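>>> Provided below are the primary sequence and the corresponding predicted coordinates.
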Amino acid sequence: MKILIGLLAALVIAVGGYFGFEFYVQQRIANDIEATFASVRASGAKAEHGKVTFDLWHRSVTIADISGEFTAEPPVSLRIGRVVASGVSQPTDGRFAASRIEVTGFEASGGIGGRSGLRASYQAPRLDVSDYAGPAGPLRRMDSTNPADIYRFALEHFAAAAAKSIEAPTLTLKLGPSGSSPAAGAGDYTYSGFALRDIKDGKIASSTVQRVSFNVAVNAAGKTENLTGEVADLAAYDTDASAMLALLDPARANDDKYYRVYRQLTVGAYQISFQKDVKMHVDGVTVDDVGVRPSRLQFSQLTAIVDAAPPPGTTPTLQQTRDLITKVAGIYEGIRIGGAAVRGLSIEMPEGAARLAAARLSTLENGKIAELALEGFEGKAPQGPVKLGRFALKGLDLANLMRTAAQFSGSRQDPSPEQLLSLLLLLEGAETSGLVAPYKDSGKPVTIDTLNVSWGQFVGPIPTRARVTVKMSGPVDASDPEPFNALAAAGLTDAAVNVDLGAAWNEAERSFALQPGTVEIGSVLTAGLRMSLANVQRGAFSLNPLQAAIMAAQIEAGALELTLRDTGGVDLAIAQRARHQNISREAARQAMTDAIREAATQLASANPDVMAVAGALTRFIENPRGTLTIKVTPRGKVSGMQVIESIRTGSLAAFARFQIEATTGR
């Protein structure tokens, strides 16, 4: 009996001690939690909570009815029905750990910008956090009236925390007008399967959303319409919060280094439907290596852009539009993207469908895109189907293009020549390939196999290096410009053209050369031209007309070489002359050679070399499918302006200053 009584007494003492210790721990935890909420209130924000309970056996803490509101403009409010932390511990002073945290009844809402007219409200029935470790209380005092400091405060705590995962089976976002006026973008968004995994040191290994569905109000042609859609498999990999902290830190305003925010962003199938039977589908989107630069992208800049937007329902003034475009241009200088691709874009409309295999961006840095390309386009024009293999813009200075557009917008005056030339500085070139489009109402297509245009090596806004490459084919008719109307008159219905022209200025040698210079018209001829100018100084490219004229007067003519290869053009010209004069082909050929000899005789007094050229040219006509080469070399220094003036006035004096050679071959 004594043993039994002793055991019962020990049990009563143990149970009493357990509940007594549990009560003590609960009170201590409640005091610590209240102290944390009190420190938040001390910053000027509202922070309240309900009952706090502790289960010693399961080492779990429950906090009910959490609410808070930040007084920053626009205000942000937070409500949580209950937080249950299980397996809690305190590994070190100032740290808190839990094997599992369950949050139920999560709600957060706040305005977006000062004048955008939108208020966002997030709701999550349940949030689950596993293997959490983080600060047991605020790391510092927060300025609740400063939105930037609120975001910075939250990111600092996030960077100091770790978790295996944070999951929300369902998360909803409601965007609605803050007032009575409708607001663009208002609608409902539902996220399914939201998950953050492997969170540590401010980094998130992966952030995924299985599906997003939305119903949004958009403004189209002055009318509000509903837009519905669904996006699958959103993901972000290797997210780094330290990059965003840099944007919120005023001390980093001069930091010109790029900080990577995401290693990769991906989006799966994307579908959108408009009310007017318009549907859009995207197979997927990928964005690689996204970074930000604090010196060009501060939080204050972003809020200034939002605040610059006109109030809902109002038409922005010209100055408001310019200011907004200029501010947005600065954002592009603060973002770096290693590469991006949109795949499988299709749009279905009552007028027809259009498809694009891919749109690709190659490196956006300092506001400049290395290459922006569209691939595999298929659509329909009024005259017939249109296909495009690839179109690309190279070296596109997007930020300065937007600034230039802001300057031009609303101007009643036409841009000056200097302003138009300055646009060349914003683009290095363009490329088109595989374009097939209907030609007028002929029922035949024009095909552009290749069209490349590039320029560079600027003196002021004037490029001193350029190249054009064209390879195309299509029908010709009498209404076309020369020489294609002549080909149509000669009986050709189709023509193929290849062009390769390049020109560059060498400042060290003060020379300007056209090379290569090749033009090929299929079944007609191939022409090759090499030409040079000497003593071309930098001032010749000045926008000052007087200075440019003075420098141009010093330019000297250089060597010129022209090579013609007949691929059917001689016979074509003879046949056309025979038809027009109603004579035989041989008579037409003789008439052409006689005309050449007669013209040469008149020019021989100025330069006897012309007779040798005439002889070579007549042999070229008499023996089709041959090659004619003409070389022109200046005798000493010859002013380029004198040559131009002689050509303009019809004077023959300039011919005497050149040596002319001509040869023929097969």
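Nice, I can see it.
>>> helix/strand/coil for the residue nearest to residue 607 when sequence neighbours are not counted?
The shortest distance from residue 607 to any residue other than its chain neighbours is 4.1 Å, reached at residue 655 (C-beta to C-beta, 6 or more residues apart in numbering). Just so you know, the C-beta spots here come from the backbone N, C-alpha and C atoms, and that holds for glycine as well. For residue 655, the assignment made with DSSP: H, G, I helix; E, B strand; the rest coil gives helix.
>>> got the contact list for stretch 647-665?
557, 603, 605-607, 609-610, 612-613, 615-617, 619-620, 623, 626-636, 638, 642-643, 645-646 (C-beta atoms under 8 Å, 6 or more residues apart in numbering).
>>> Give me the contacts around stretch 419-436.
Contacts of stretch 419-436 (C-beta under 8 Å, 6+ apart): 373, 385-397, 400-401, 404, 407-408, 445-456, 458, 461-463, 543.
>>> which parts of stretch 319-336 are buried?
321-336 (16 or more other C-beta atoms under 10 Å).
>>> Could you list which of the residues you listed belong to strands?
335, 336 (DSSP state E).
>>> Helices - which of the contacts of stretch 419-436 land there?
Counted as lying in helices by DSSP state H, out of the contacts of stretch 419-436, are 400, 401, 404, 407, 408.
>>> where does residue 363 sit relative to residue 255, distance-wise?
Applying C-beta to C-beta, to the nearest Å, the value for residue 363 to residue 255 is 21 Å.
>>> Repeat that for residue 584.
Taking C-beta to C-beta, one finds residue 584 at 83 Å from residue 255.
>>> in stretch 520-527, what counts as buried?
Those would be 520, 521, 524, 525, 526, 527, for stretch 520-527 by 16+ other C-beta under 10 Å.
>>> With respect to residue 170, which of those is nearest?
Minimum distance to residue 170 across the buried residues of stretch 520-527 is 64.6 Å, recorded for residue 520 (C-beta to C-beta).
>>> circling back to that earlier point, from the contacts of stretch 647-665, keep the buried residues only.
Buried among the contacts of stretch 647-665 (16+ other C-beta under 10 Å): 557, 603, 606-607, 609-610, 612-613, 615-617, 619-620, 626, 628-632, 634, 638, 642-643, 646.
>>> Tell me which of these fall in strands.
Checking those against DSSP E, those in strands are 557, 628, 629, 630, 631, 632, 634.
>>> which among the residues you listed gets closest to residue 71?
residue 557 (77.5 Å).
>>> my guess is that closest one contacts residue 646, does it?
No - the pair residue 557 and residue 646 does not pass the contact test of C-beta atoms under 8 Å, sitting 10.8 Å apart.
>>> quick one: low-confidence parts of the stretch 201-350 of the chain?
For the stretch 201-350 of the chain, the stretches flagged by pLDDT under 70 are 219-223, 306-314.
>>> any chance you could map the strands in it?
With DSSP state E, counting those that start in this stretch as the criterion, the stretch 201-350 of the chain has strands at 203-220, 223-240, 259-267, 270-274, 279-292, 335-349.
>>> by how many degrees do the second one and strand 203-220 diverge?
Strand 223-240 and strand 203-220 are oriented at 170 degrees to each other (axes from the mean of the first three to the mean of the last three C-alpha atoms, to 10 degrees).
>>> Strand 223-240 pairs with which strands, and in what direction?
Strand pairing for strand 223-240, determined by DSSP bridges: strand 203-220 (antiparallel), strand 259-267 (antiparallel), strand 270-274 (antiparallel).
>>> For residue 305, which of the ones you listed is the nearest?
Closest among these, using C-beta to C-beta: strand 259-267, at 18.3 Å.
>>> Any idea how far the closest one is from the middle of the chain?
16 Å (C-alpha atoms, centre = their mean, to the nearest Å).
>>> Now do the buried residues in it.
259, 260, 261, 262, 263, 264, 265, 267.
>>> I'd like to know how far the residue nearest to the fifth one when sequence neighbours are not counted sits from residue 267.
Of all residues beyond its chain neighbours, the one nearest residue 263 is residue 238 (3.6 Å), with distances taken as C-beta to C-beta, 6+ apart. The spacing between residue 238 and residue 267, counted by C-beta to C-beta, is 17 Å.
>>> So what sits opposite residue 474 in the bridge?
residue 495.
>>> Likewise for residue 230?
Beta-bridge partners of residue 230, as defined by DSSP bridges: residue 213, residue 271.
>>> how near is residue 304 to residue 396?
25 Å.
>>> which one of these two has more residues nearby?
residue 396 (22 against 14; other C-beta atoms under 10 Å).
>>> got a pLDDT number for the more buried one?
In the predicted model, residue 396 carries a pLDDT score of 95.
>>> Equivalent analysis for residue 138, please.
80.
>>> List the contacts of it.
Contacts of residue 138 by C-beta under 8 Å, 6+ apart are 36, 39, 40, 153, 157.
>>> for the second one, what are its contacts?
Residue 39 makes contact with 137, 138, 141, according to C-beta under 8 Å, 6+ apart.
>>> now, among those residues, which is nearest to residue 204?
residue 138 (22.1 Å).
>>> Report the helix or strand with the lowest average pLDDT across the chain.
helix 2-42 (a mean of 53; mean pLDDT, DSSP states H and E).
>>> residues touching residue 195, list them.
Residue 195 neighbours (C-beta under 8 Å, 6+ apart): 165, 166, 167, 168, 206, 207, 208, 209.
>>> State the distance from it to residue 118.
27 Å.
>>> now swap in residue 631 and tell me
With C-beta to C-beta as the criterion, residue 631 and residue 118 are 72 Å apart.
>>> where do the helices sit along the protein?
2-42, 147-159, 241-248, 299-308, 318-332, 398-408, 417-422, 484-489, 545-552, 569-581, 585-603, 609-622, 640-649.
>>> Residue 37 is in contact with residue 48, correct?
Yes - Residue 48 sits in contact with residue 37 when judged by C-beta under 8 Å, with a separation of 7.0 Å.
>>> More neighbours: these two, which one.
residue 37 (19 against 13).
>>> dump the residue contacts of the more buried one.
Contacts of residue 37 by C-beta under 8 Å, 6+ apart are 47, 48, 49.
>>> how about a cut-off of 6 Å?
Residues in contact with residue 37 (C-beta atoms under 6 Å, 6 or more residues apart in numbering) are 47, 49.
>>> shift numbering so it begins at 682
Sounds good: first residue 682 from here, last item residue 718.
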